[in-house]
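*Asks:* Using only what follows, build the 3D model:
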Amino acid sequence: MRLFGLLFSFLTFLKRYFILIQNKTKAMNRINVRLGRRSYKILIQKDLDKLPRELKALNLGTDAVFVTNPVINSLFGNKLRKCLVKAGLRVKSAIMPDSEKAKSLKEIAKLLNILSTLDGKKKRLCIVAFGGGVIGDLAGFAASIYKRGIPYIQIPTTLLAQVDSAIGGKTAVDLLTGKNLVGSFYQPKFVYINIAFTKKLSRRDFNSGMAEVIKYAVIRDKQLFDFLEDNRGAILKRDENCLFEIVRRCAKIKADIVTIDEREEKAIRTILNFGHTVGHAIETATGYSNLYSHGEAIGIGMIVASRISNRMGYLSRGDLLKIEKAIRSFGLPTRLKKINIEKILKALAYDKKFIHGVTRFVLPTKIGKVVVKERIPQSLIHRELNRLAL
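*Replies:* Sure, this is the predicted structure:
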């Protein structure tokens with residue numbers, strides 16, 4: 001009897017242990033963006049099995065329009081359609097171009113017209129953004145202005161979108177004079193991140209996503225920066241455990257910042273713009289061409305900001321070199337080529353992050369901490385851009 005009692009106690013212990021592990025794993029998979037009535041959940045997984053159940057619980061509507069691009073549609077479109085149908089939704093698709101040039105007034109008008117033709121009296125439309133940052137911005141902006149707002153969810157398929165752009169509710173399209181100048185804050189109802197999607201990314205697209213990961217490490221997470229240094233080989237081989245850790249950490253940082261400063265009114269969310277001041281100007285100056293991807297431009301922008309910080313006495317030489325090495329080690333360019341520096345400076349003048357023409361940069365003071373500084377001398381910006389030019 002005593003042996004039986006010991007065995008029973010041991011089995012009870014095992015059961016409680018596994019329940020604890022499952023709950024801990026579940027908690028790690030789920031991140032909450034707490035914004036009152038606009039709150040939503042971020043779910044990180046390695047497959048699509050649980051997506052229909054999650055969607056059913058959201059009660060999004062009767063008809064889903066999933067917005068995607070031709071490549072993602074061919075790779076994963078059928079799988080997503082099945083998930084949406086299992087969730088009880090009637091499904092239509094809107095296939096949009098996938099390049100920064102697609103974030104235009106022309107394409108947003110096209111998408112809005114598609115929505116109107118698919119709408120009807122007995123329908124309650126919702127939008128599913130299924131793609132990278134461009135698709136997420138385009139679909140989210142359409143959701144925010146069609147009929148003064150309809151529900152949408154984000155299913156990001158690129159590393160860059162999974163760690164950054166799919167979270168936080170910033171939606172926008174570009175103008176010729178600058179990036180993201182027409183947009184809105186409009187939160188999704190749900191963000192579903194599937195790590196497996198990153199397996200299909202090109203090397204360039206994957207590395208571009210790593211620029212945003214490095215950004216999060218520099219602004220808020222020294223341990224993540226160390227993790228990137230220690231696991232570079234496994235990350236570049238797209239080890240699922242490494243990617244899960246990266247996405248989880250970045251998503252948690254962004255969720256926490258957005259919860260505190262949803263509309264960037266407290267100068268807290270501003271730190272997410274590290275590297276983006278010059279990065280966006282590079283994209284604008286090159287006409288949103290394929291010369292620099294978003295992540296590549298942000299990588300160079302982080303180098304410029306870090307060098308300015310070092311010049312102004314905020315960042316040590318050692319940390320500057322570590323940041324530059326991290327950017328270089330993940331296959332991102334560290335020099336400017338085939339670009340007119342004056343065009344970059346002109347584009348800076350239209351940047352939303354500048355207030356009444358006053359330059360404003362996010363500058364690292366050490367790895368894991370940044371400050372926002374205004375009135376950075378134009379001569380200093382010009383000099384550091386010139387030093388990077390080939």
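*Asks:* I'd like the distance between the closest residue in space to residue 93 that isn't next to it in sequence and residue 60.
*Replies:* Spatial nearest neighbour of residue 93, chain neighbours left out: residue 66 (5.4 Å); criterion: C-beta to C-beta, 6 or more residues apart in numbering. (Each C-beta comes from the backbone N, C-alpha and C, glycine too.) According to C-beta to C-beta, to the nearest Å, residue 66 and residue 60 sit 12 Å apart.
*Asks:* Over to residue 271?
*Replies:* Separation of residue 271 from residue 60 (C-beta to C-beta) stands at 32 Å.
*Asks:* before we move on, what about residue 222?
*Replies:* 39 Å.
*Asks:* higher neighbour count, those two?
*Replies:* More neighbours surround residue 60 than the other of residue 222 and residue 60, with 24 against 13 (other C-beta atoms under 10 Å).
*Asks:* For that one, identify the helix or strand it belongs to.
*Replies:* Under the criterion of DSSP states H and E, residue 60 resides outside all helices and strands.
*Asks:* what is the residue lying closest to it once chain neighbours are set aside paired to in the beta sheet?
*Replies:* Of all residues not flanking residue 60 in the chain, residue 126 sits nearest, at 3.9 Å (C-beta to C-beta, 6+ apart). Residue 126 forms beta bridges with residue 64, as assigned by DSSP bridges.
*Asks:* give the contact list for residue 126.
*Replies:* Residues in contact with residue 126 (C-beta atoms under 8 Å, 6 or more residues apart in numbering) are 60-61, 63-65, 89, 150-153, 189.
*Asks:* who are the neighbours in contact with the residue nearest to residue 93?
*Replies:* Contact analysis of residue 66 by C-beta under 8 Å, 6+ apart lists 77, 80-81, 84, 91-94, 127-130.
*Asks:* Kindly export the helix or strand hosting it (C-alpha atoms) in CSV.
*Replies:* Taking DSSP H and E as the criterion, residue 66 maps to strand 63-68. Presented in CSV, the C-alpha positions along strand 63-68 are these (Å, rounded to 0.1, in the frame of the first residue of the first chain):
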residue,chain,number,x,y,z
ASP,A,63,-17.1,37.3,-45.0
ALA,A,64,-13.3,37.5,-45.0
VAL,A,65,-11.3,39.3,-47.7
PHE,A,66,-7.7,38.1,-47.4
VAL,A,67,-5.3,40.6,-48.9
THR,A,68,-2.1,39.1,-50.1
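*Asks:* List the first helix or strand encountered after it toward the C-terminus.
*Replies:* Counting by DSSP H and E, the next helix or strand C-terminal to strand 63-68 is helix 70-86.
*Asks:* Could you write out the alpha-carbon coordinates of that next one in PDB?
*Replies:* Only the C-alpha atoms of helix 70-86 are listed here, as PDB (Å, rounded to 0.1, in the frame of the first residue of the first chain):
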ATOM      1  CA  PRO A  70       1.000  36.700 -55.800                       C
ATOM      2  CA  VAL A  71       3.900  34.800 -54.200                       C
ATOM      3  CA  ILE A  72       2.300  34.300 -50.800                       C
ATOM      4  CA  ASN A  73      -0.900  33.300 -52.500                       C
ATOM      5  CA  SER A  74       0.800  30.600 -54.500                       C
ATOM      6  CA  LEU A  75       2.700  29.300 -51.500                       C
ATOM      7  CA  PHE A  76       0.100  29.400 -48.700                       C
ATOM      8  CA  GLY A  77      -3.100  30.800 -50.100                       C
ATOM      9  CA  ASN A  78      -5.000  27.400 -50.200                       C
ATOM     10  CA  LYS A  79      -4.000  26.600 -46.600                       C
ATOM     11  CA  LEU A  80      -5.300  29.900 -45.400                       C
ATOM     12  CA  ARG A  81      -8.500  29.600 -47.300                       C
ATOM     13  CA  LYS A  82      -9.200  26.300 -45.600                       C
ATOM     14  CA  CYS A  83      -8.500  27.800 -42.200                       C
ATOM     15  CA  LEU A  84     -10.900  30.700 -42.900                       C
ATOM     16  CA  VAL A  85     -13.600  28.400 -44.100                       C
ATOM     17  CA  LYS A  86     -13.200  26.100 -41.000                       C
END
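*Asks:* Next, the buried residues of it.
*Replies:* 72-73, 76-77, 80-81, 83-84 (16 or more other C-beta atoms under 10 Å).
*Asks:* Stretch 318-331 now?
*Replies:* For stretch 318-331, a neighbour-count test (16+ other C-beta under 10 Å) marks 319-320, 322-324, 326-327, 330-331 as buried.
*Asks:* Of the residues you listed, which belong to strands?
*Replies:* Judged by DSSP state E, the subset of the buried residues of stretch 318-331 located in strands is empty.
*Asks:* Quick check: of the residues you listed, which lies closest to residue 232?
*Replies:* residue 330 (7.2 Å; C-beta to C-beta).
*Asks:* so what's the closest one up against?
*Replies:* Counted by C-beta under 8 Å, 6+ apart, residue 330 has contacts 207, 210-211, 214, 228, 232, 235-236.
*Asks:* same thing with residue 30?
*Replies:* With contacts defined as C-beta under 8 Å, 6+ apart, residue 30 is in contact with 41-44.
*Asks:* ditto for residue 308
*Replies:* With C-beta under 8 Å, 6+ apart, residue 308 has these contacts: 361, 363, 376, 380-381, 384.
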